[in-house]
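Undergrad: Curious how this folds, go ahead:
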Amino acid sequence: MLKIKDDVELEDLEKFGFAVVDDDCIWLEEEENIYIDRYKRTINICSNFEDEIYNLGVLYDLITAGLVEKVEE
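TA: Numbering: from 1, shown residues only. Have a look, this model is predicted:
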């Protein structure tokens, strides 16, 4: 599982296209199916369609910026 590191301010993710929508989640504006749980800080992808295509470039950007770590579930 991927999560945002604890020392990263979640508001800093706005420059990557994320927007605070409610108290529980921060959604990627362009892809409404990618979000971050504000409490667990986990990155989640959800879909209602089997053949949906995702733009995962923003996740790559977060990883290369050193903001993401891999954790055990």
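
Undergrad: Name the helix or strand for residue 62, please.
TA: If you go by DSSP states H and E, residue 62 is part of helix 57-64.

Undergrad: Check which element follows that helix along the chain.
TA: For helix 57-64, the following helix or strand on the C-terminal side (DSSP H and E) is strand 68-70.

Undergrad: What is that next one packed up against?
TA: strand 2-4 (3 or more CB pairs under 8 Å, 6 or more residues apart in numbering; DSSP states H and E). Glycine gets a C-beta too; all of them are placed from N, C-alpha and C.

Undergrad: Now do the strand it packs on, average pLDDT.
TA: The pLDDT scores in strand 2-4 average 95.

Undergrad: So which residues make contact with it?
TA: Strand 2-4 is touched from outside by 10, 13, 36, 40-43, 59, 62-63, 67-71, with contacts defined as CB atoms under 8 Å, 6 or more residues apart in numbering.

Undergrad: Confirm residue 11 sits in a helix?
TA: Yes - secondary structure of residue 11 (DSSP: H, G, I helix; E, B strand; the rest coil): part of a helix.

Undergrad: What is the least confident helix or strand in this protein?
TA: Within the chain, no helix or strand scores below strand 18-20, which has a mean of 86 by mean pLDDT, DSSP states H and E.

Undergrad: Direction included, what does that one pair against?
TA: Using DSSP bridges, the strands paired with strand 18-20 are strand 25-28 (antiparallel).

Undergrad: Pull out the buried positions in the strand it pairs with.
TA: 26, 27, 28 (16 or more other CB atoms under 10 Å).

Undergrad: And stretch 39-46, by the same measure?
TA: By 16+ other CB under 10 Å, the buried positions in stretch 39-46 come out as 41, 43.

Undergrad: Need the contact partners of the least confident helix or strand of the chain.
TA: By CB under 8 Å, 6+ apart, the residues outside strand 18-20 that reach it are 10, 11, 26, 27, 28, 29, 36.

Undergrad: Isn't the fourth one up against residue 21?
TA: Yes - at 4.9 Å, residue 27 and residue 21 qualify as touching, with contact defined as CB atoms under 8 Å.
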